[in-house]
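Q: Task: produce atomic coordinates for the following.
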Amino acid sequence: MKLRANLVIGGSLFALAIIVGLLAPWLAHTDPVMDANLMNAEEPPSWTWWFGTDGQGRDIYSRVVYGARISLTVGIVSQLINSIIGVGLGLSAGYFGGWWDDVVNALTNLMLAIPSLIFALAIMAVLGPGLTSLLIALGLTNWSFTCRLARASALSLRNQGYVQAATVLGYGDLRIMITQLLPNMLGPIVVIGTLGMGSAVLSEAALSFLGLGVRPPFPSWGSMLSEARDQITTAPWLSVFPGLAIFLTVLGLNLLGDGLRDILDPQSRSRRT
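A: Numbering: from 1, shown residues only. Sure, this is the predicted structure:
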């Protein structure tokens with residue numbers, strides 16, 4: 001029952017966020033950037049303004065809806081970059097071993113010793129704010145966990161009978177890694193990738209809050225929180241709704257990852273029960 005609940009609730013929240021992002025032009029009431037009217041500044045939530053308005057009279061609901069596009073784009077693309085780097089390095093290190101394994105291990109330990117957000121801040125300081133810089137920064141910071149997982153899986157799989165059979169049949173190293181090893185480690189990688197998307201959404205919000213994310217006036221949940229920090233007591237709706245959007249999205253991804261882990265790794269479910 002718990003397995004089903006985590007999967008259903010997490011999948012529903014994540015699917016809802018994707019639908020909102022895809023249908024943002026039809027769901028939003030106004031243009032989140034251009035439709036500003038100081039006569040409507042800091043209006044509280046009402047039937048006219050569902051989530052209220054900000055200090056420039058822009059509709060908070062429309063900005064939250066459009067902000068889903070940025071957060072999900074950053075979460076999905078940055079984690080995809082992380083997975084490609086981590087799987088590529090970890091799979092090759094576990095399969096070939098030797099000096100290449102030592103190099104990858106040293107690089108992984110170095111990355112684990114540096115706080116990911118600090119490393120992302122350093123990259124953003126060099127590249128400057130913007131969506132592309134944000135994707136690059138987050139895509140280069142969190143691959144070490146995926147790398148270790150892929151390496152461990154490759155070490156346990158490379159001596160299996162079907163891998164030896166593929167070698168006897170004349171399969172090249174690249175073909176063996178792609179066709180024999182990779183499919184047998186996809187389950188854990190999908191799980192850690194799902195959880196990593198939640199971390200990427202939080203990191204994007206943190207960097208945008210610090211002014212290093214998407215440039216204003218384009219809506220981002222983190223930048224909306226940054227703009228609302230001085231009005232948290234006088235106009236709490238400015239921070240409540242983007243904060244709630246971040247919370248529900250990350251919660252959905254965490255629950256989805258937990259449910260997928262129980263499905264793809266039955267042993268973990270049996271250990272917890």
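
Q: just the helices in the stretch 101-250 of the chain please.
A: Secondary structure of the stretch 101-250 of the chain (DSSP state H, counting those that start in this stretch): helices at 116-127, 131-139, 144-157, 161-168, 173-176, 186-209, 221-228, 237-264.

Q: residue with max distance from the center of this structure?
A: Distance from the C-alpha centroid of the chain, by CA atoms, centre = their mean, peaks at Val168 (40.4 Å).

Q: rewinding a little: out of the helices of the stretch 101-250 of the chain, flag the one nearest Trp99.
A: Within the helices of the stretch 101-250 of the chain, the stretch nearest Trp99 is helix 144-157; the backing value is 14.5 Å (CB to CB). Quick note: C-beta positions are derived from backbone N, CA and C, even for glycine.

Q: Distance check, Met34 against Pro217.
A: 9 Å (CB to CB, to the nearest Å).

Q: Compare the two (neighbour count), which wins?
A: Pro217 (14 against 8; other CB atoms under 10 Å).

Q: Listing request: residues of this protein with sub-threshold pLDDT.
A: In the predicted model of the chain, residues 1-3, 265-273 satisfy pLDDT under 70.

Q: Geometric centre of it: which residue is closest?
A: The centroid of the chain falls nearest to Met197 when counting by CA atoms, centre = their mean (2.0 Å).

Q: List the contacts of the nearest residue to that residue once chain neighbours are set aside.
A: Among residues not flanking Met197 along the chain, Gly75 sits closest, at 4.1 Å (CB to CB, 6 or more residues apart in numbering). Residues counted as contacts of Gly75 (CB atoms under 8 Å, 6 or more residues apart in numbering) are Met197, Gly198, Ala200, Val201, Glu204, Thr249, Leu253.

Q: what about the closest residue to the fourth one other than its chain neighbours, helix or strand, and which?
A: Read it as Val201. Spatial nearest neighbour of Val201, excluding adjacent residues (CB to CB, 6+ apart): Gly75 at 4.5 Å. Counting by DSSP states H and E, the element that carries Gly75 is helix 60-96.

Q: ok and that helix relative to helix 116-127, angle-wise?
A: Per axes from the mean of the first three to the mean of the last three CA atoms, to 10 degrees, the angle that helix 60-96 makes with helix 116-127 is 100 degrees.
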